[in-house]
Each structure stands twice: as structure tokens, then as C-alpha cells.
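Asker: missing the sequence, but the structure's below:
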């Protein structure tokens, strides 16, 4: 994987945004592989397709690319807020590639967030454009990846370092089971994963997780048995090898 862009591909463009789009899309097409099955190269959809940019002709996973100049931040600019929510709640929501690059046109971070981690909780609604704007009243949005569990941030390149392909594929496949969960179950699994991530130690106890009880109650006001639900979800994460059972009431985070 060559981390440098092929700047010759943008020689016919003058707009900075056009140059960035052409170079980043070409880089993904020429260098990336499918994080799910390892197939390469990825195929491009036709231009201006509203749902995704790339697809894998082996496993049919679809990917949309978001890129920016600079370091990776928690918020990433996206398009229309209403369209984003519509996509999240449909079967057409793709996985998202996030790519950051330097002023020297080289990749410094490239990660994928699998589509099962996209929920309304990570979408930040923007302010309507002023009445004097060309698209008056239009509402955009940002994607807040700080609300995505660590297991949902699968790096192919991290701080200019290539991540082993086997690790990428294993990490991507580990959470595919979430796609088959009901809306309620999916919400609980993702919430507990975030709670686990927030504990500042690798080995943790039930009591550590129970400290999030009030926060979980706010998210799930109709559940009067929060601790029971927490234990149930920890068992799910254990069975899927996302955490390890150490001893009674004690667990360990799994690191790839």
C-alpha cells in the first residue's frame, strides 16, 4: 500500500476540492482492499451515486469515502441531516471509510467504521442555512466518531503505519453479528461497548459497569432492570470474544 497520492491524476483540475476528491478516490481505488474479505481492488460506483462510492465484487460490501486534510478529529462533515438519518434507518447504509491526508498529499490515517455502528446518536444536526444563503434553510450534519465504540473504528492505516491485513479483517468481522440484532438489542450492545471503553483499565468488574446505570437509564427509560440487562450484554460480548471472562464479576478487554 503506497501512502502517497498520484498527483498526476489531478493535473486537469484547478479547484482544491476537486483535486482532493480525485486524488483521494483514486488512492482508495488503487491501494485499498475490502476490510471484510480482503478482496482487491475495490470497484467504483458510477459518479454521483447517492449512497456509496465503492463496492467489493466478492462479498458485496459497500463503502462511502469521507476525507479531509489534516489530522483525524472526532467530527467529520457530512451532507444533509435528513438524508443521513434516512440512510441509517434503511438497508442501503454503506460502511464509511475515513481518510486524512497531509499537505504533501500523503495518507496519515485511513479507517473504516462498519455500518452497524451508525446510529442517530453519532449524527450531529447542523444549523439551518440563513435565509440569504443560496440553499436557505438547508440543514447539514457532522458525524461524531467519539460516540463510536473502539471496536467500530477499524484502522487500515494509523498515524502513517500500515495495520496488518489479517488484523483488519478479523476486527471488521468480529462485530458483524450486530447487524442481525433487533433495534433495541443493537442499541444495548453499542451502549455497553461504549461503557466498557470508558473504563480506564483493561480488567474491570461489574461494579465498574454499574457506575453507568443512571446514564443507561436515561437512554433506556422503559427498562427497570438495568443491572440485569448489563450482565446479559456482557455475556453477549464475551460470547463474541469482544471481552474475556476472568473471574466471577470480573472481565478483561480484548485487544487485537
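Answerer: Good, I have the coordinates. Quick caveat, the model's predicted, so the values are computed rather than measured. Numbering: from 1, shown residues only.

Asker: List the residues that contact residue 110.
Answerer: Residue 110 sits next to 32, 97-100, 155-157 when contact means Cβ atoms under 8 Å, 6 or more residues apart in numbering. For the C-beta atoms, the positions are set from N, CA and C on the backbone; glycine is no exception.

Asker: right, I mislabeled it, should have said residue 25
Answerer: For residue 25, counting by Cβ under 8 Å, 6+ apart, the contacting residues are 44, 53, 65.

Asker: Got the confidence number for it?
Answerer: Turning to residue 25, the model gives it a pLDDT of 94.

Asker: Quick check, residue 114 in contact with residue 176.
Answerer: Yes: contact criterion Cβ atoms under 8 Å: residue 114 and residue 176 qualify, at 7.4 Å.

Asker: Tell me which of those two has more neighbours.
Answerer: Of the pair residue 114 and residue 176, residue 114 is the one with more neighbours under other Cβ atoms under 10 Å, namely 25 against 13.

Asker: Let me see the confidence value for that one.
Answerer: Confidence for residue 114, expressed as pLDDT, is 96.

Asker: try residue 6
Answerer: Confidence at residue 6, expressed as pLDDT, is 95.

Asker: Tell me the buried residues in stretch 141-150?
Answerer: 141-143, 145, 147-149 (16 or more other Cβ atoms under 10 Å).

Asker: meant to ask about stretch 172-180, not that
Answerer: Residues of stretch 172-180 classed as buried by neighbour count (16+ other Cβ under 10 Å): 172, 174-175, 178.

Asker: again with stretch 8-28
Answerer: Buried residues in stretch 8-28, defined by neighbour count with 16+ other Cβ under 10 Å: 9-10, 19-28.

Asker: those helices in the stretch 101-250 of the chain, which residues are they?
Answerer: Residue ranges of the helices in the stretch 101-250 of the chain, as given by DSSP state H, counting those that start in this stretch, are 165-174, 183-198, 206-210, 213-219, 226-239.

Asker: Run the chain-centre distance for the shortest one.
Answerer: The chain centroid and the centroid of helix 206-210 are separated by 26 Å under Cα atoms, centre = their mean, to the nearest Å.

Asker: same check, this time on the second one
Answerer: Here helix 183-198 shows a centroid-to-chain-centroid distance of 14 Å under the convention Cα atoms, centre = their mean.

Asker: what's that helix in contact with?
Answerer: Under the criterion Cβ under 8 Å, 6+ apart, residues 116-117, 119, 147, 149-152, 178, 181, 204, 209, 212, 215-216, 219-220, 229-230, 233-234, 236-237, 242-243, 251, 253 lie in contact with helix 183-198.

Asker: Could you give the number of residues near the nearest residue in space to residue 175 that is not next to it in sequence?
Answerer: Residue nearest to residue 175 in three dimensions, not counting chain neighbours: residue 151, with 5.5 Å by Cβ to Cβ, 6 or more residues apart in numbering. Using other Cβ under 10 Å, residue 151 is surrounded by 24 other residues.

Asker: that older thread, need the buried residues of stretch 8-28 in a markdown table (columns: distance to residue 192).
Answerer: Rendered in a markdown table, the data for these read as follows (distance: Cβ to Cβ, whole Å):
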| residue | distance to residue 192 |
| --- | --- |
| 9 | 44 |
| 10 | 45 |
| 19 | 43 |
| 20 | 38 |
| 21 | 38 |
| 22 | 42 |
| 23 | 40 |
| 24 | 35 |
| 25 | 36 |
| 26 | 40 |
| 27 | 36 |
| 28 | 33 |
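
Asker: Same list (those residues) but as a markdown table, adding secondary structure and distance to residue 76.
Answerer: Output for these, formatted as a markdown table (DSSP: H, G, I helix; E, B strand; the rest coil; distance: Cβ to Cβ, whole Å):
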| residue | secondary structure | distance to residue 76 |
| --- | --- | --- |
| 9 | helix | 23 |
| 10 | helix | 22 |
| 19 | helix | 19 |
| 20 | helix | 14 |
| 21 | helix | 15 |
| 22 | helix | 20 |
| 23 | helix | 18 |
| 24 | helix | 13 |
| 25 | helix | 16 |
| 26 | helix | 20 |
| 27 | helix | 17 |
| 28 | helix | 16 |
